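*Asks:* sequence and predicted model, in that order:
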Amino acid sequence: MKENTNNSSLTVQVEHLQKSFRHGKKKVLTDICLTAQGGKCIGILGANGCGKSTLLSIIAGTQRAEQGSFLINETEYSITRKRKNIPPIGYVPQECPLIPELNAMDNLKLWYCNSPLSWEAELQNGVLAMLGIPDFLKTPVEKMSGGMKKRLSIGCAVAKNPRLLLLDEPGAALDLVCKERIEVYFRHFKQNGNIILLATHEEREIAFCDELFLLKEGILRPLEYDGNIHQLAGKL
Amino acid sequence: MKQFKQYTYLEIKRMFLSLPKLFLGSLFLFALLSGFLAVCAQGINREKEKNTITVAVAAAADEPFVDWMITTVSNMKNTAYICSFERMEEALAEQKLESGEIDAVFLIPKQYIASIIKGENKPVTIRFGKSQTTVADFLFRQLCEAASSYILGSEAGIYSLQEYYAYHNLAKEREDELELNLRYIKEIIDLNQAVSKEETAGKGSYPLISQYMVSGFLLFLLFQGLSYSKLLAPKSRSLQNLLTLEHLGYGKQLFAKETAFFLSVLPTYLFYFLLIGIGMKISGFSLPETTCSDLNGIWRFAVSCIPLFITSTILILLVYEMTEDASSGLLLLTFCILLMGLCSGFFYPLEHLPQAVRSIAPLLPTYHLLQYGLAVLHQSFATGSFLMLIFFSALSCLLIIIRKEVSHA
């Protein structure tokens, strides 16, 4: 399995990121600063509508910020304009980014056609095998369960062999077996020196994270979690 | 490039997976529109029958040239549409006139031709039935007055000749006079027309049947979009955004979608013309003096209408991209087709619509679709409408891309 296995070299930094909607009338993100080291899983918590998805989508590049900088290993990449030559970033949005009329294999072909990885090889003993995708390879997406769709979305997101994986509420509406399966994969991904950034409300995923941040009123603050979920809910 | 090709292939595959269902939908639509056309054609025939003037010609059985005159006038293109002539006895003609079975009677007096030669001024009486207010009736009355003036002029020529002979006391007056008069009458009868006639091909001058044929065809193309509501409704925003990260911008995504849509509708398009061809062969129906006058012409028309096909698919895509989901797209598409079609002359000829509607029609893409289709059907080429089709296609693509950029910003 071809993977990035450099344990120490990856650092991701977000500095002074700002984003507002309706021509500045609604400020969503105000001066967001974040640093993540390789081998870590960073969790972002916050109430519904606080801007977690917006933050992830700006880092992924599907939305643009008004101000701020984004660095990978101290090389800056634009988050205010269209990016060029950025290292691959895997992004699994909350909304299912699959073509519903087609099956898993067709969806994988779309993302793996320009990939350094071979989807057939990955199905045999790679990341796709780890996610259990061979079990439903010929199933049309519109007939898949939520867990299958999520696993397939992750499988498509890692097609370019990224070192940074952004996940927006990956465990929402999934059963325990599926969550366990995904967690195994995340552990493996982290162990290879890569970074996971995930927005979550799930207790299990919160416990999995190495560092936590709370996004509230547009500001990102570090958060200490001692396992008391009720106390954590109060902070939100 | 590889990913663009892969994406285009997947879009085509996605459309073709639903082809059996879409094909059934198209067949249903075709049946519906054929019924609509059949009803319109019946309406046109009923209008034609209502507007035809039935004229009886009452003359003595031995009166010369009467049958010839009836045949000549009946075969004239202009009168053939509004008049039908029938020779009958005067008493029967009067009876039918009173009952309303006929609209007018030409009463030719006894020995009418001989009376012209002799210089007697026996007039032809035209008796009309109950008052009618159709345009055809008005035209017929005008035609009768014109014919009357023509006959008077001819009689004047004959009488002048008689006076000349009498004045100069020419020998063999009677034989020469008869000979000359007969020659004169023959000259008049042999004349095809006293006034040369020209037609200008103005706007809206296409026959009603052609307008309904092309309108039906365009409605079939546009209403195809209803079957494709789920396939054409905007996909998940996340997927579109992720594709832009892979250098598949909204323009390329649109191109792939349009290519897939076009290719998936193409089998239905060709099948439609195959059915038309089979129908023409079985029924013997054709549209003379048009591109569709024979089977080969049907396929020439199909090829010439490819610009209509492409523009229709792009317009359908535009409507769906302006909405959030399949249901809203379906409703909006139906509304747009009906409203724009009405204002473009699909259901009623544009000349019958208010001036306000006629003034906005050229601003609508459906108007140019109809004009281009009519021109192609009548073996012509509407350059202006063709350019407008290109303009509306480009504008639609631009609007789709702008809409995506703004909503995903």
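*Replies:* Looks like it came in fine.

*Asks:* so what's A:Glu142 up against?
*Replies:* A:Glu142 makes contact with A:Pro100, A:Glu101, according to CB atoms under 8 Å, 6 or more residues apart in numbering or on different chains. Any C-beta I mention is one placed from the backbone N, CA and C, and that applies to glycine too.

*Asks:* and the longest helix for chain A?
*Replies:* The longest helix of chain A (DSSP state H) is helix A:176-191.

*Asks:* buried stuff in that helix?
*Replies:* For helix A:176-191, burial by neighbour count (16 or more other CB atoms under 10 Å in any protein chain shown) applies to A:Cys178, A:Lys179, A:Arg181, A:Ile182, A:Tyr185, A:Phe186, A:Phe189, A:Lys190.

*Asks:* A:Leu10: which of these is nearest?
*Replies:* When the buried residues of helix A:176-191 are ranked by distance to A:Leu10 (CB to CB), A:Lys190 comes first, at 11.0 Å.

*Asks:* could you say which helix or strand holds the residue nearest the centre of chain A?
*Replies:* With the centre of chain A defined as its mean C-alpha position, the nearest residue by CA atoms, centre = their mean is A:Leu166, 1.7 Å away. Following DSSP states H and E, one finds A:Leu166 within strand A:164-168.

*Asks:* does chain B sit close to that strand?
*Replies:* No: using CB under 8 Å from any CB of the partner chain, we find that strand A:164-168 stays clear of chain B, coming within 9.1 Å at best.

*Asks:* same question for stretch A:15-34.
*Replies:* No: Stretch A:15-34 lies out of reach of chain B by CB under 8 Å from any CB, never closer than 9.3 Å.

*Asks:* what's in contact with that stretch?
*Replies:* With CB under 8 Å, 6+ apart as the criterion, stretch A:15-34 contacts A:12-14, A:42, A:51, A:54-55, A:58, A:63, A:65-71, A:79, A:213, A:215, A:217-220.

*Asks:* from those residues, which land in strands?
*Replies:* Under the assignment DSSP state E, those contribute A:12-14, A:42, A:67-71, A:213, A:215, A:219-220 to strands.

*Asks:* ok, of those residues, which one's closest to chain B?
*Replies:* A:Phe70 (14.1 Å; CB to the nearest CB).

*Asks:* neighbours of that closest one, how many?
*Replies:* Neighbourhood size, A:Phe70 [other CB atoms under 10 Å in any protein chain shown]: 22.

*Asks:* re earlier: mark which of the contacts of stretch A:15-34 are buried, thanks.
*Replies:* Judged by 16+ other CB under 10 Å, buried ones among the contacts of stretch A:15-34: A:12, A:14, A:42, A:51, A:54-55, A:58, A:63, A:65, A:68, A:70, A:79, A:213, A:215, A:218, A:220.

*Asks:* beta-bridge partners for the closest residue to A:Ser78 other than its chain neighbours, please?
*Replies:* Leaving aside its chain neighbours, A:Ser78 sits nearest to A:Phe70 (7.5 Å; criterion: CB to CB, 6 or more residues apart in numbering or on different chains). With DSSP bridges as the criterion, A:Phe70 is bridged to A:Val14, A:Tyr77.

*Asks:* so what pLDDT did the residue of chain A positioned farthest from its centre get?
*Replies:* Largest separation from the mean C-alpha position in chain A: A:Lys25, at 28.3 Å (CA atoms, centre = their mean). A:Lys25 is assigned a pLDDT of 82 by the prediction.

*Asks:* what do you get for B:Arg300?
*Replies:* pLDDT, read off for B:Arg300, is 90.

*Asks:* how about it, what does it touch?
*Replies:* B:Thr291.

*Asks:* what does the one 10 residues further on give?
*Replies:* Applying CB under 8 Å, 6+ apart, one finds that B:Ile310 lies in contact with B:Phe262, B:Ser393.

*Asks:* backbone phi and psi for it, please?
*Replies:* phi -70, psi -50 (degrees, to the nearest 10).

*Asks:* picking that back up, relative to strand A:67-72, how tilted is the strand holding A:Leu166?
*Replies:* 130 degrees (axes from the mean of the first three to the mean of the last three CA atoms, to 10 degrees).

*Asks:* neighbouring strands for strand A:164-168, and are they parallel or not?
*Replies:* strand A:89-92 (parallel), strand A:195-199 (parallel).

*Asks:* picking that back up, and the two most separated of the ones in strands among the contacts of stretch A:15-34?
*Replies:* A:Ile42 and A:Gln67 (21.6 Å).

*Asks:* just checking, what packs against the longest helix of chain A?
*Replies:* Applying 3 or more CB pairs under 8 Å, 6 or more residues apart in numbering or on different chains; DSSP states H and E, one finds that helix A:176-191 makes contact with helix A:127-130, helix A:146-157, strand A:195-199, helix A:203-208.

*Asks:* write out the residues of chain A neighbouring chain B.
*Replies:* A:57, A:60-64, A:91, A:93-99, A:101-102, A:106, A:109-111, A:113-114.

*Asks:* one more pass at 6 Å, please.
*Replies:* Proximity of chain A to chain B (CB under 6 Å from any CB of the partner chain) is limited to residues A:Gly61, A:Thr62, A:Pro93, A:Glu95, A:Pro97, A:Glu101, A:Leu102, A:Asp106, A:Leu110, A:Cys113, A:Asn114.

*Asks:* so who does the residue lying closest to A:Pro140 once chain neighbours are set aside touch?
*Replies:* Of all residues not flanking A:Pro140 in the chain, A:Asn103 sits nearest, at 5.0 Å (CB to CB, 6+ apart). Contact analysis of A:Asn103 by CB atoms under 6 Å, 6 or more residues apart in numbering or on different chains lists A:Lys138, A:Thr139, A:Pro140.
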